[in-house]
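> Please work out how this folds:
(one chain, ligands or ions: 1)
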Amino acid sequence: MHTLANERKNHMIKVDRFVFNPFQENTYLVSDETGECIIIDPGCFNDDEEKELDDFITGHKLKIVGHVLTHCHIDHILGMAHIFHTYGIRPVMHKESLETLHNAADHGKLFGIEMTEIIEPVTFLNEGDLIKFGHAQLEIKYTPGHVDGHICLISHQSGFIIAGDVLFQGSIGRTDLPTGNFKTLEASIKTKLYTLPDDYIVYPGHGPHTFIGSEKQSNPFVRG
Ligand SMILES: [Zn+2]
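Now for the predicted structure:
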């Protein structure tokens, strides 16, 4: 577990990152000073990883009030049933993610990973929606190209993006999986992410964080 605290405009939103499952996927807890938090892309898939997450939530007296999926590739949803059964919170996602969600078990078999239970969403997120918890809010951007239904979450209060598998430090999401498309991904990055301020922190679905400005300058796949 790595703590990635950041402060901006005297309002503190805390981002905590866990690296879970064989895909080394980043699971994020985003909380503010009230202790309310949302979990994004829970990837925990064995008892040790579930315990690490639960102990952190209990130890920091956090209350999970939201469960958001940037997209439904298996590495980002392996912990969805644990979150639902432990905290009673159903996942929310973009409606275009449903097909990937329903194919997750087959997708997992390709990698020798068993996905035993899918939790169905009952509400969906769209471009421009705001997710509110504590005194914080995150704005939804629709960012397809890696896969249909992909969303990013943006904090304008604290200047960061939870970017899923759209943009990484020095890389971008792969586009060779079903519904992936490079031109669509490039457009998502250029119109939805590179239009944000250079000092916004990018928290990706894999690997370390980066900044909008540095990716615009030196990302080898999509330049700003
Ligand atoms: Zn993915």
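> Might you report the residue contacts of I154?
L138, E139, I140, K141, F160, I161, I162, L196, Y200 (CB atoms under 8 Å, 6 or more residues apart in numbering). Bear in mind the C-beta positions are built from the backbone N, C-alpha and C, glycine included.
> Buried ones among those residues?
L138, I140, K141, F160, I161, I162, L196, Y200 (16 or more other CB atoms under 10 Å).
> What is the nearest of the residues you listed to the ion?
Checking those against the ion with CB to the ion, the nearest one is I162 at 13.4 Å.
> Then the closest one would be within a strand, right?
Yes: when DSSP: H, G, I helix; E, B strand; the rest coil is applied, I162 is found to be in a strand.
> Please verify my assumption that it contacts C152.
Yes: look at I162 against C152 with CB atoms under 8 Å: they come within range, at 6.4 Å.
> Do a quick rundown of the strands in the chain.
Taking DSSP state E as the criterion, the chain carries its strands at 2-8, 11-20, 25-32, 36-40, 63-68, 130-133, 136-142, 151-155, 160-164, 167-168, 171-172, 201-204, 210-211.
> Enumerate the residues of this structure near the ion.
H73, D165 (CB under 5 Å from the ion).
> Let's see that with 6 Å instead.
Where the chain comes near the ion, counting by CB under 6 Å from the ion, the residues are H71, H73, H146, V147, D165.
> Number of residues surrounding the closest residue to the last one other than its chain neighbours?
Ranked by CB to CB, 6 or more residues apart in numbering and with sequence neighbours excluded, the top spatial neighbour of D165 is G173, at 3.9 Å. G173 has 27 neighbours, counted by other CB atoms under 10 Å.
> and E25, bridged to which residues?
Under DSSP bridges, the beta-bridge partners of E25 are F20, H206.
> In contact with it, which residues are there?
Per CB under 8 Å, 6+ apart, neighbours of E25: V19, D41, G43, D75, H76, L78, G205, H206.
> Got the confidence number for it?
On pLDDT, E25 comes in at 98.
> From H206, how far off is it?
6 Å (CB to CB, to the nearest Å).
> Which neighbouring elements make contact with the longest helix along the chain?
In the chain, taking DSSP state H as the definition, the longest helix is helix 47-59. The contact analysis (3 or more CB pairs under 8 Å, 6 or more residues apart in numbering; DSSP states H and E) places helix 47-59 against strand 11-20, strand 25-32, helix 80-87.
> Confidence-wise, which of those is weakest overall?
Mean pLDDT values for these show the minimum at strand 11-20, a mean of 93.
> From the contact counts, what lies against it?
strand 2-8, strand 25-32, helix 47-59, strand 160-164.
> Show residues contacting it.
By CB under 8 Å, 6+ apart, strand 11-20 touches 1-6, 25-33, 42-45, 49, 52-53, 56, 78-79, 135-136, 155, 157-158, 160, 162, 203.
> Flag the shaky bits of the chain, pLDDT-wise.
For the chain, the stretches with pLDDT under 70 are 1-11.
> Go again with 50.
7-8 (pLDDT under 50).
> Return the member of the contacts of I154 nearest to F111.
When the contacts of I154 are compared for distance to F111 (CB to CB), I162 comes out closest, at 23.6 Å.
> Mind listing the residues bridging to the closest residue to the closest one other than its chain neighbours?
Distances taken as CB to CB, 6+ apart place L153 nearest to I162, at 4.3 Å, with adjacent residues excluded. Beta-bridge pairing for L153 (DSSP bridges): I140, I162.
> So what's the residue count around L153?
Around L153 there are 25 residues (other CB under 10 Å).
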